[in-house]
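In: Predicted model, plus sequence, below.
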Amino acid sequence: MTGAADLVIVGRIMTLAGETGFGHVGGIAIRGGRVVGTGRPAAIEGFVGPGTRRLDLAPHEVALPGLSDAHLHLADAAMAAERVDLGDAATYAEGLEAIAAAHALLSDPQAWLEGLGWDAERWGGWPTGDDLDRVAPGRRAALWAHDHHAYWVSPAALAAAGVTGTTADPPGGVIRRDGDRRPTGVLHEAAARLVSSLVPTPTTEHLAAAIERLGDRLVATGVTAVHDPGGVRADPDLAQGVAAYRVLAEAGRLPLRVHACLRQEGLDVAVSRGLRSGDPLGPAEGRARVGWMKLFADGTLGSRTAAMLAPFEPEPDRPAPPGGPLGVYVTPPERLTELVARGARAGIASQIHAIGDGAVRTALDALEPTVGRVPLMPRVEHAQLVSPEDVPRFGRSGVAASVQPVHLRSDALTARRVWGGRAERDAYRLGSLAATGAVLAFGTDAPVEPWDPWPGLELAVTRHHAAWGDDPRPFGPSEALDVARALRAICVDPARSAGELDRGRLTAGQRADMIVIEAAALAEPVLSGGPLGITRPRLVLLDGVSAYEG
């Protein structure tokens, strides 16, 4: 020992050292915010000095590294609390009732009514602008679908944007129309910008305060780091969230670590300012850093706009996919390659949203040449359907897979219907990707899904959820992970993808970001609906300092 520790913790500790297993030790010593020793309790006693604090875990408790969410739209999720939330509206009628109630509370007739969370699958069909006008007459209303890839807007909002029956679909977008070519009130993909660009943005300080509030709540679930892929809007310079994170970092008000991503619209300004991925936003040792440039290859599964190698399965009882049987490339492949290369030349890494197997292949083609040339690992976001030929490329190339197992909860039944036999074989391939040695970084995609990290961790292990009703089948059970590998995907791999090799494990030299939970939550096997999915920590430490005590 070269000096006394600030804190020693004795009990059952999972370090996640090595490449397999939990890495159990009996004690850990922390000094200056970093781990300085691990081992048996007797060895840890050697780090105890006059000023050392001591924590003895209860027999039923376990400590492990803090969790990271590799794909959480933190700024958007923070603002979602101030919009109409249709996530719990089981039917279209319930959704319209909630909108009518929100409309009645708006005293300013010129104020926009904003919302999110509706789901055409859940409601059994697409909503219409005419129905919005019926419950909120004359109101400019705009509500994002739960996946943020479709926008439900009122006739007044379409009129404000100048969208009529003669308006052409923008590149990478689709205006849903009726038989007379009249816009129905649903805008897919890039078409949403026709209206979203008109919706007033909150002030940076307003957004910062909302991020701070949600950050505190995330820490209470055990999340100590977030990668924010950016919001649905961007100011003329950079994504507004980046400015809000800088405000919080400079004031010391950011409750957790954040990598704030740039959007394509902000690339020119980022390059002109010399910003690079990994650069601090605020103090050099602060908690906010520049993340990736977020790009989009395709749309989503639910909207039938995922870009496919083979057509969607026929659905005679449903409208045809808005972009055709092979989906939509939101950004043409050659343009994606150009943007990724341009960012890489400026030291900006890219992450590409890719749902369908065609989009995943396109994303890999664009990202692979930049591996090792940028500060952060290039990443494919979502990778929900991956062709067998492309699975080995993740492990071989060094492109990370940023995946959200919680999407299984809402998407599994749809995937089985629209992807047919490919769904069970090629969708949500967590086990296969892990077997290649790929960096596999878990996230929630909130506010598309709830920001609680634990249900997704459980789904990665069980591949089943009670929300599927009478269908008892696990979804692709051969792709399940064991608990130890799933923990690596939520602790170690997000940090690795962000170039933070001093975070995610509890070994000497690592940052002391830790949580203490009930050990029973991690017992094998994990049963659906069991303790893993509803876990809450008793204690959360960031840099060895208490950030939450339950």
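Out: Nice, I can see it.

In: Could you list the buried residues of stretch 10-18?
Out: 10-17 (16 or more other CB atoms under 10 Å). Where C-beta positions appear, they are placed from N, C-alpha and C, glycine not excepted.

In: what's the closest non-adjacent residue to residue 207?
Out: Among residues not flanking residue 207 along the chain, residue 244 sits closest, at 4.3 Å (CB to CB, 6 or more residues apart in numbering).

In: could you say which helix or strand contains the one you found?
Out: helix 240-251 (DSSP states H and E).

In: Mind listing residues that contact that helix?
Out: 74-76, 201-202, 204-205, 207-208, 211-212, 228, 230-231, 233-235, 237, 253-254, 258, 260, 262, 266, 280-283, 286-288, 290 (CB atoms under 8 Å, 6 or more residues apart in numbering).

In: how about a cut-off of 7 Å?
Out: 75, 201, 204-205, 207-208, 211-212, 228, 230-231, 233-234, 254, 258, 260, 262, 281-283, 286-288 (CB atoms under 7 Å, 6 or more residues apart in numbering).

In: Among those residues, name the ones in helices.
Out: Counting by DSSP state H, the contacts of helix 240-251 place 75, 204-205, 207-208, 211-212 in helices.

In: from these, which would you call buried?
Out: Among those, those classed as buried by 16+ other CB under 10 Å are 75, 204, 207-208, 211-212.

In: which two from these end up farthest apart in space?
Out: Maximum pairwise distance among those (CB to CB): 12.5 Å, between 204 and 212.

In: returning to what we had before: the helix holding residue 244: which residues count as buried?
Out: Neighbour counts over helix 240-251 (16+ other CB under 10 Å) mark 240-249 as buried.

In: How about stretch 454-461?
Out: For stretch 454-461, by 16+ other CB under 10 Å, it's 454-461.

In: residues near residue 66, how many?
Out: 27 (other CB atoms under 10 Å).

In: Spit out the contact partners of the closest residue to it other than its chain neighbours.
Out: Closest residue in space to residue 66, ignoring its immediate chain neighbours: residue 224 at 3.1 Å, by CB to CB, 6+ apart. Taking CB under 7 Å, 6+ apart as the criterion, residue 224 is in contact with 66-68, 256-257, 513, 540, 542.

In: quick one, phi/psi of residue 224?
Out: phi -110, psi -10 (degrees, to the nearest 10).

In: While we're on it, how confident is the model there?
Out: What the model reports for residue 224 is a pLDDT of 98.

In: what do you get for residue 238?
Out: 56.

In: ok so, going back, adding distance to residue 31, write the buried residues of helix 240-251 out as TSV.
Out: Output for the buried residues of helix 240-251, formatted as TSV (distance: CB to CB, whole Å):
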residue	distance to residue 31
240	38
241	34
242	33
243	35
244	33
245	29
246	30
247	31
248	27
249	24
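
In: what two of those residues have the greatest distance between them?
Out: Maximum distance among the buried residues of helix 240-251 (CB to CB): 15.0 Å, for 240 and 249.

In: between the buried ones among the ones in helices among the contacts of helix 240-251, which is nearest residue 343?
Out: Using CB to CB, these come closest to residue 343 at residue 75, 20.8 Å.

In: Please parse this structure into its domains.
Out: According to automatic domain parsing, the chain comprises the domains 7-66+506-549, 87-145+147-196.

In: Quick one: distance of the first one to the chain centre.
Out: Taking the mean C-alpha point of domain 7-66+506-549 and that of its whole chain, the gap between them comes to 25 Å (CA atoms, centre = their mean, to the nearest Å).

In: for the record, mean pLDDT for that domain?
Out: 93.

In: quick one: terminal-to-terminal distance for that domain?
Out: 16 Å (CA to CA, to the nearest Å).

In: what do you get for the last one?
Out: The separation between the terminal residues of domain 87-145+147-196, taken as CA to CA, is 20 Å.

In: oh, and call the first residue 28 from now on, that's how I've got it
Out: Will do, 28 is the new start, and the previous item becomes domain 114-172+174-223.

In: Could you list every helix and strand in contact with whichever strand or helix holds residue 222?
Out: In this structure, residue 222 sits in helix 220-223 according to DSSP H and E. Helices and strands touching helix 220-223, by 3 or more CB pairs under 7 Å, 6 or more residues apart in numbering; DSSP states H and E, are strand 177-180, helix 182-188.

In: Which strands border the first one, and is each parallel or antiparallel?
Out: Read that as strand 177-180. strand 168-172 (antiparallel), strand 210-216 (antiparallel) (DSSP bridges).

In: one step back: now tabulate the ones in helices among the contacts of helix 267-278 in CSV and tack on distance to residue 164 and pLDDT.
Out: Shown next, in CSV, are the ones in helices among the contacts of helix 267-278 (distance: CB to CB, whole Å; pLDDT from 0 to 100):
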residue, distance to residue 164, pLDDT
102, 31, 91
231, 33, 88
232, 33, 89
234, 30, 89
235, 35, 92
238, 34, 94
239, 37, 95
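
In: Of the helices and strands packed on helix 220-223, which stretch is the most buried?
Out: strand 177-180 (a mean of 28; mean count of other CB atoms under 10 Å).

In: For that strand, give me every contacting residue.
Out: 145, 154, 156, 159, 168-171, 212-215, 219, 222-223, 330.

In: Neighbour-wise, which one of those residues leads?
Out: Among those, residue 214 has the most neighbours (other CB under 10 Å), with 30 neighbours.

In: is the residue nearest to that residue when sequence neighbours are not counted in a bridge, and if so with what?
Out: Closest residue to residue 214 apart from its sequence neighbours, by CB to CB, 6+ apart: residue 178 at 4.4 Å. Beta-bridge partners recorded for residue 178 (DSSP bridges): residue 171, residue 214.

In: Distance check, residue 178 against residue 358.
Out: Going from residue 178 to residue 358 by CB to CB, to the nearest Å gives 18 Å.

In: what does stretch 437-450 contact?
Out: Identification of contacts with stretch 437-450 by CB under 7 Å, 6+ apart yields 148, 328-329, 331, 339-340, 342, 412, 454, 476, 495, 502.

In: Now list the buried members of these.
Out: 148, 328-329, 331, 339, 412, 454, 476, 495, 502.

In: picking up where we left off before, point out the least confident one among the contacts of strand 177-180.
Out: Model confidence across these bottoms out at residue 330, which has 87.

In: Correct me if wrong: that one contacts residue 218.
Out: No - using CB atoms under 7 Å, residue 330 is not in contact with residue 218, being 11.4 Å away.

In: on that earlier part again, now flag whichever of the buried residues of stretch 37-45 is closest to residue 198.
Out: Distance to residue 198 across those (CB to CB) is lowest for residue 43, with 44.3 Å.

In: show me the residues around that closest one that make contact.
Out: 49-50, 91-92, 514-515, 518-519, 532-533.

In: Considering these, which possesses the most neighbours?
Out: residue 92 (29 neighbours).
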